[in-house]
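> Sharing a model that was predicted from the sequence below.
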Amino acid sequence: MKVILKDALIVLIPQTEDEATHLARWKAAHVGHVLLARPDQESEWQPLELHDLGERIEACREPINVVSNSADPVARTISNLASTPFELDGRRYRSVESFWQGLKYPLDADRLRIADCEGPRARSEGSRQGYGRIIAYGGAEITVGTYDHWQLMERACRAKFMQNAEARSALLTTGERPLVHIVRRDSRSIPGVIMAQIWMRIRRRLRERASEPASA
């Protein structure tokens, strides 16, 4: 095997048919992977070792933009608009978006109607209504865009991922990769950075629960 070393490149050139076969198999098994050259200070005559760190997106922890129109089905399932039914405080919702947009309506009958809407329809209904300064939920008045308001979103997301196996699997599939929520126009009521923190916090709790020993 002939080796050519350059500043940012290592080239391996097979010299025999057997080497060509082995190299082709190795390349097929490592497409898109990141290799780490580990330093060895004992002797300059030591061989070079390149250690496989896995696929680039995982090894480099590339962020996942969780949006409803993502090309990635995992991101679409995590998004608030995904059809992932769950129950919260005795009411069933088609999606997190159905819960969130229903909060804009003061009448319970309207909230019940929005709860049964698919995510995109719920967003459209909520856009027509808009927020006031205060919403009412669970007998409390909550100022829009505050920590207490965001806590409602976290409760809804937690219910979604705890109750819906497909959504839970999608969230856990993201491993340690950062989640972001970058859209063309950021929300004033719950900014993208807050939304992403909610998803990652729930993901961490799900992993912790999965690692806990089963009770006798």
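Sure thing, it's come through.
> Skipping adjacent residues, who's closest to A170 in space?
Leaving out its chain neighbours, the residue that sits closest to A170 by Cβ to Cβ, 6 or more residues apart in numbering is T77, at 3.9 Å. In this view, the C-beta of every residue, glycine as well, is placed from N, C-alpha and C.
> Contact partners for that neighbour?
With contacts defined as Cβ atoms under 8 Å, 6 or more residues apart in numbering, T77 is in contact with 84, 166-167, 170.
> Going by neighbour count, which of those are buried?
In the contacts of T77, burial by neighbour count holds for 84, 167, 170, counting by 16 or more other Cβ atoms under 10 Å.
> Just the closest of those to G119, please.
Nearest to G119 among the buried ones among the contacts of T77 is T84, at 9.0 Å by Cβ to Cβ.
> Return the distance of that closest one relative to S98.
According to Cβ to Cβ, to the nearest Å, T84 and S98 sit 10 Å apart.
> Please enumerate the shared neighbours of these two.
By Cβ under 8 Å, 6+ apart, no residue touches both T84 and S98.
> what residue ranges in this structure are flagged as low confidence?
Scanning the chain with the threshold set as pLDDT under 70 gives 39-45, 53, 56-61, 214-216.
> which residues touch the residue nearest to the spatial centre of it?
By Cα atoms, centre = their mean, the mean C-alpha position of the chain lies nearest to L179, the distance being 4.7 Å. Shown in contact with L179 (Cβ under 8 Å, 6+ apart): 63-64, 66, 78, 196, 199-200, 203.
> in the protein, which spans are helices?
With DSSP state H, the ranges of helices along the chain come out as 17-29, 56-59, 73-78, 96-102, 108-115, 119-129, 147-163, 165-173, 192-211.
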